[in-house]
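S.K.: Sharing a sequence plus its predicted fold:
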Number of protein chains: 2
Amino acid sequence: MPTYKLTIAYDGTHYGGWQVQPNAPSIQALLQDALSTTLRTPILATGSGRTDAGVHALSQTAHFSFEEVLDLMRLRASLAGLLPHDIRVKQIETVPDGFHARYSAKGKIYHYHLHLESNPFKRLYSAHIQHPVDLDLLQRAAALFVGTHDFTSFASQPDRGSAARDPVRTLKRLDVILEPDGIRLEFEGTGFLYKMVRNIVGTLLEVSSGKRTLEDISQIFSAKDRKRAGKTAPPHGLFLMEVIY
Amino acid sequence: MPTYKLTIAYDGTHYGGWQVQPNAPSIQALLQDALSTTLRTPILATGSGRTDAGVHALSQTAHFSFEEVLDLMRLRASLAGLLPHDIRVKQIETVPDGFHARYSAKGKIYHYHLHLESNPFKRLYSAHIQHPVDLDLLQRAAALFVGTHDFTSFASQPDRGSAARDPVRTLKRLDVILEPDGIRLEFEGTGFLYKMVRNIVGTLLEVSSGKRTLEDISQIFSAKDRKRAGKTAPPHGLFLMEVIY
């Protein structure tokens, strides 16, 4: 049975997140509805992972299987017509048997956007930081997260039961990039625990504002206790940029 | 009585436009409410001109008079606390007696954004063009609008009575700028008639898609008839960038 891979961009502002859930609209549910309507049979689309309420994606991925060989141009046009304007299927490809959006992924890239001056056009796409940021300190703090670590202290409890997962992850890079009117944090890793990016950002901001020191970070890592790290940064600054296969 | 000039950025998505109106929230009304609350007396704020529903501004201007010398830092902080996040007062200055946000203006700069691929993050801030655009043709068509002309054919009737105005305006430049994922049209002029930018954009798009020819443009100008020009381009691609004094 052919397997199809979808690459999807969405503005997460008006959704409860990627994943189908009982009390809020989700990107996954709307995508499955559009696929099921087009293909006239119920379709399940499996994502590379969840994104939370308010989190955005430039290239989330998902896969589904369907018994027929599809005309991908026609399918894409149909989905464009059925999906709301804040969700867009950028690409549809046929992938080899056994491809799985989540289990085949080798890594992910996330960007987190910060801005220092309140800005009507950034309010939904970047977190507004109300204190001055010491960029050099932020870069030195970010460097301490790169590498292979037990990230337990930076993982929130999922809101639904899930088996305990190995908390060791490899962050390949965490780049701090100064932009004309803000800061962009680029995360690339082999995998991320629940809310890990936002918990790291929250901790970095507490260091950059002087609330914590650079030395605190290694203590937070060794404590293996979520309560020791900083607050979770708001969702709307976060973008899933790429799922690497 | 001291006069104060405000420079204001807003996301026009959720408003009926700049101007106070009976059945929709307006930026002017919210600004006047915030000023009146802060200064404990009714304040009228006069804008440089209206922007329509859905049109955005990076630097709209307005003025108001008040009998006391104000602490501008405190006033700005109070307005930031009272206004919603999609309206931001960027600057407050004391200006000489007689300054008038509209009548003292020497010119305005507008940008109009177009994109060719549907994009969830542009849907509220750029017009999606569904046909291929011939950039060279667009630039040649744009050049025909620059200079001093009677723009009657590109002026919509205001929705409320207003005295007939001189329809001659000078467009100092209309630059067509190719961006990584779209096109930006930059208009600078001494003044603009009602919906003039959007009516010019609509006409330019009909030329660039081959629906009209370059030669049609001079005929549209001479007809002095709004019905001869193209459709009004959608509001959400339009940004008031600067009011020049």
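M.R.: Sure, I can see it.

S.K.: Next, count neighbours for the closest residue to residue A:209 other than its chain neighbours.
M.R.: Of all residues not flanking residue A:209 in the chain, residue A:131 sits nearest, at 4.4 Å (CB to CB, 6 or more residues apart in numbering or on different chains). C-beta here means a position set from N, CA and C on the backbone, and glycine is covered the same way. Neighbourhood size, residue A:131 [other CB atoms under 10 Å in any protein chain shown]: 12.

S.K.: In chain A, where is pLDDT below threshold?
M.R.: Along chain A, segments meeting pLDDT under 70 span A:159-164.

S.K.: how about the residues of it that lie near chain B?
M.R.: With CB under 8 Å from any CB of the partner chain as the criterion, chain A meets chain B at residues A:9-11, A:56, A:80, A:85-88, A:118-121, A:123, A:125.

S.K.: try 10 Å
M.R.: A:8-13, A:56-58, A:80, A:83-90, A:117-125, A:128, A:239 (CB under 10 Å from any CB of the partner chain).

S.K.: re earlier: could you look up the SS state of the residue nearest to residue A:209?
M.R.: coil (DSSP: H, G, I helix; E, B strand; the rest coil).

S.K.: thought it was touching residue A:114?
M.R.: No: using CB atoms under 10 Å, residue A:131 is not in contact with residue A:114; the gap is 11.0 Å.

S.K.: Quick check: neighbours shared by those two?
M.R.: Common contacts of residue A:131 and residue A:114, defined by CB atoms under 10 Å, 6 or more residues apart in numbering or on different chains, comprise A:205, A:208.

S.K.: you'd agree residue A:107 is up against residue A:172?
M.R.: Yes: Residue A:107 sits in contact with residue A:172 when judged by CB under 10 Å, with a separation of 7.2 Å.

S.K.: Need the residues touching each of the two.
M.R.: Joint contacts of residue A:107 and residue A:172 (CB under 10 Å, 6+ apart) are A:188-190, A:244.

S.K.: now the residues you listed: which count as buried?
M.R.: A:188-189 (16 or more other CB atoms under 10 Å in any protein chain shown).

S.K.: Restricted to strands, list the shared contacts of residue A:107 and residue A:172.
M.R.: A:188-189, A:244 (DSSP state E).

S.K.: And for the nearest residue to residue A:174 once chain neighbours are set aside, the neighbour number?
M.R.: Nearest residue to residue A:174 in three dimensions, chain neighbours excluded: residue A:142, at 4.5 Å (CB to CB, 6+ apart). Neighbourhood size, residue A:142 [other CB under 10 Å]: 23.

S.K.: Over to residue A:73?
M.R.: 9.

S.K.: Over to the one 10 residues further on?
M.R.: Residue A:83 sits with 21 neighbouring residues when counted by other CB under 10 Å.

S.K.: Next up, identify which helix or strand the closest residue to it other than its chain neighbours is on.
M.R.: In this structure, residue A:83 finds its nearest non-sequential neighbour in residue A:34, 5.2 Å apart by CB to CB, 6+ apart. Element membership for residue A:34 (DSSP states H and E) is helix A:27-39.

S.K.: Mind giving me the packing neighbours of that helix?
M.R.: strand A:3-10, strand A:46-47, strand A:56-65, helix A:72-82, strand A:87-95 (3 or more CB pairs under 10 Å, 6 or more residues apart in numbering or on different chains; DSSP states H and E).

S.K.: one more time with 6 Å
M.R.: In this structure, helix A:27-39 packs against helix A:72-82, with contacts taken as 3 or more CB pairs under 6 Å, 6 or more residues apart in numbering or on different chains; DSSP states H and E.

S.K.: Could you check the angle the helix it packs on makes with helix A:27-39?
M.R.: Between helix A:72-82 and helix A:27-39, the angle comes out at 120 degrees (axes from the mean of the first three to the mean of the last three CA atoms, to 10 degrees).

S.K.: CA atoms only: put helix A:72-82 into PDB for me.
M.R.: Below are the C-alpha coordinates for helix A:72-82, written out as PDB (Å, rounded to 0.1, in the frame of the first residue of the first chain):
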ATOM      1  CA  LEU A  72      -0.400  14.300  -6.100                       C
ATOM      2  CA  MET A  73      -1.000  17.600  -7.900                       C
ATOM      3  CA  ARG A  74      -4.800  17.000  -7.800                       C
ATOM      4  CA  LEU A  75      -4.600  15.900  -4.100                       C
ATOM      5  CA  ARG A  76      -2.700  19.000  -3.200                       C
ATOM      6  CA  ALA A  77      -5.100  21.300  -5.000                       C
ATOM      7  CA  SER A  78      -8.100  19.600  -3.300                       C
ATOM      8  CA  LEU A  79      -6.400  20.000   0.200                       C
ATOM      9  CA  ALA A  80      -5.700  23.700  -0.600                       C
ATOM     10  CA  GLY A  81      -9.400  24.200  -1.300                       C
ATOM     11  CA  LEU A  82     -10.600  22.300   1.800                       C
END
